[in-house]
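Fold the following for me, if possible:
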Amino acid sequence: MTLRALRHRAEDLALRGVAGLWSLLPEATALRVGAAMGVLVGGVLRIRRRDVDRHLGWAFPDRPASWRRSVARASYAHLGREAVVMFRAGGWSAERVLERTQMVGFGAFREAARSGNGLVLLTGHIGNWEIGGAAIAARGVPFDVVGKGMSNRGFQSDLFAARERFGMRVIEMGDAARAASRSLRQGRVVALLGDQHAHSGGIPVPFFGRPAQTTRGPALLVGGTGAPVWIAFAARDPGPAQRYTVTFEPLHFTPTGRADEDAEMLMAAYARVLEEAIRATPEQYFWLHRRWKEPGGEEPGLDG
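Below is the predicted model:
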C-alpha cells in the first residue's frame, strides 16, 4: 500500500470516527459546536478568509465593510453547522428527510418531470444542496445527481453511498455526457451544480457583474434531449431546528440549435436566478469557492 493510500485510509477512518461522535451529541449541541468551529476556521485560522472577503467585496461592493464581515462570519458558521448535519444525516431515514423539509413549487416540478423527456435540474452551492437532493428522492422522484470524483476514494465511496441510501443515483462527472443523456431518456431527473468553475471549454457568464467561466453541459443536455430545465435551492430555515425549504421554479429556455449561443443564454438565466437566491440569504452561499477564476485557473486581481 502506498503512502498516499495509507493517508487516505487514515483520513477515511478519522472521518467515520468524527461522524460517530457528532451523532452521539444532542442535535442542538452538535449544531452549536459545528457553527462555533466554522467561526473558528474563518475568524481565527482564517482558512480561505482572504478569498471570502474578496468575493463578498466583488458581489456586494455597495454594502458596508462591516456588513460583509458579518456575512463572512455567518457563512463560516453555516458551513460548520451544515457539515455537522451531513455527518448526522448519514443515519437519517427517508421519513426523517420528509419531516425536515418542506417543498415550494414541488407539484409543478414533479408534473414536469413526468414529461417523458426527463428533466434537467440546476442547483448551486447555497443552503444544503445534499439535503435538497435527498428531499426530492425521498418523495419518489427518479433522481440522478452528477458528482465530481474525489482523490480520496474512501470519502467518495461514503458520500456516494449516502446519496444512494436516500434514493439518488450518482453519475460520475467523467461519464456525465453519456450517462446523463441515458437517464433523461429513461424519464429521470438529472441534477447538476451549475455554479462550478469550468476548467476547460467553459463560457464566460456574468455573475454579480463579473464574468465567471461556466459549464455548457446543461445546455448540451437540453439541446440533445429536449428535457425541460428547472432550478431548485434548499435553504436552511431560521431557528434552532435543522429544517429546510426547497423551492422550485422552471427556467424557460428555447434552444436555437446554435450550441454556444444556447449555452450562454441558458447559463446566464440560471446565474440571474442564483444571484436572487444569494441576495436573499447571502450567509448560506459557499463564498470559499473560487467562482471567478480566469480561463487559465487564476482569479483576477481586485481591479481585474
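
separation between the closest residue to residue 25 other than its chain neighbours and residue 180?
Excluding its sequence neighbours, the residue lying closest to residue 25 (C-beta to C-beta, 6 or more residues apart in numbering) is residue 33, at 7.2 Å. No exception for glycine: its C-beta is placed from N, CA and C like everyone else's. Distance, residue 33 to residue 180, using C-beta to C-beta, to the nearest Å: 38 Å.

of the two, who's got more company?
Neighbours around residue 33 and residue 180, counted as other C-beta atoms under 10 Å, are more numerous at residue 180. The numbers are 26 against 15.

element containing that one, please.
Take DSSP states H and E as the rule and residue 180 turns out to sit in helix 176-185.

Pull the distance from the helix or strand following that helix to the chain's centre.
Once the chain leaves helix 176-185, the next helix or strand it forms, by DSSP H and E, is strand 189-193. Distance of strand 189-193 from the chain centroid (C-alpha atoms, centre = their mean, to the nearest Å) equals 10 Å.

Would you agree residue 141 falls within a strand?
No - read with DSSP: H, G, I helix; E, B strand; the rest coil, residue 141 is coil and lies in no strand.

what mean pLDDT does stretch 238-250 have?
If you average the pLDDT over stretch 238-250, you get 93.

Quick check: the residue minimising distance to the centre of the chain vs residue 233, distance?
Here the mean C-alpha position of the chain is nearest to the C-alpha of residue 125 (C-alpha atoms, centre = their mean), at a distance of 3.6 Å. Here residue 125 is placed at a distance of 10 Å from residue 233 (C-beta to C-beta).

List of residues touching the helix or strand that contains residue 262?
Using DSSP H and E, residue 262 maps to helix 259-280. Outside helix 259-280, the residues that touch it by C-beta atoms under 8 Å, 6 or more residues apart in numbering are 59, 122, 124, 126, 194-195, 203, 205-208, 212, 214-216, 218-220, 222-223, 229, 231, 233, 235, 249, 251-253, 255-256, 284-285.

go on, stretch 117-124?
Contacts for stretch 117-124 (C-beta under 8 Å, 6+ apart): 109, 112-113, 129, 132-133, 136, 183-195, 218, 221-222, 225-234, 251, 270, 274, 277, 285.

Surely residue 223 forms part of a helix?
Yes - Residue 223: assigned to a helix according to three-state DSSP.

I'd guessed it sits against residue 255; true?
Yes - assessed by C-beta atoms under 8 Å, residue 223 is found in contact with residue 255 at 4.7 Å.

Now do the buried residues in the helix ranked longest in the chain.
Secondary structure of the chain read by DSSP state H shows that its longest helix is helix 65-89. Along helix 65-89, these residues count as buried under the neighbour rule (16 or more other C-beta atoms under 10 Å): 68, 71-89.

Which parts of this structure are strands?
101-104, 119-123, 143-147, 168-172, 189-193, 203-207, 210-214, 229-236, 244-250 (DSSP state E).

Quick check: which of the ones you listed is nearest to residue 25?
Ranking the strands of the chain by their distance to residue 25 (criterion: C-beta to C-beta) puts strand 229-236 first, at 18.8 Å.

And that closest one, what does it pack against?
helix 65-89, helix 106-113, strand 119-123, helix 129-138, strand 244-250, helix 259-280 (3 or more C-beta pairs under 8 Å, 6 or more residues apart in numbering; DSSP states H and E).

can you list the ones you listed in TSV and add distance to residue 168?
Listed next are the helices and strands packed on strand 229-236 as TSV, based on distance: least, C-beta to C-beta, whole Å:
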stretch	distance to residue 168
helix 65-89	13
helix 106-113	14
strand 119-123	12
helix 129-138	5
strand 244-250	14
helix 259-280	21
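
Alright, that wraps it up for me.
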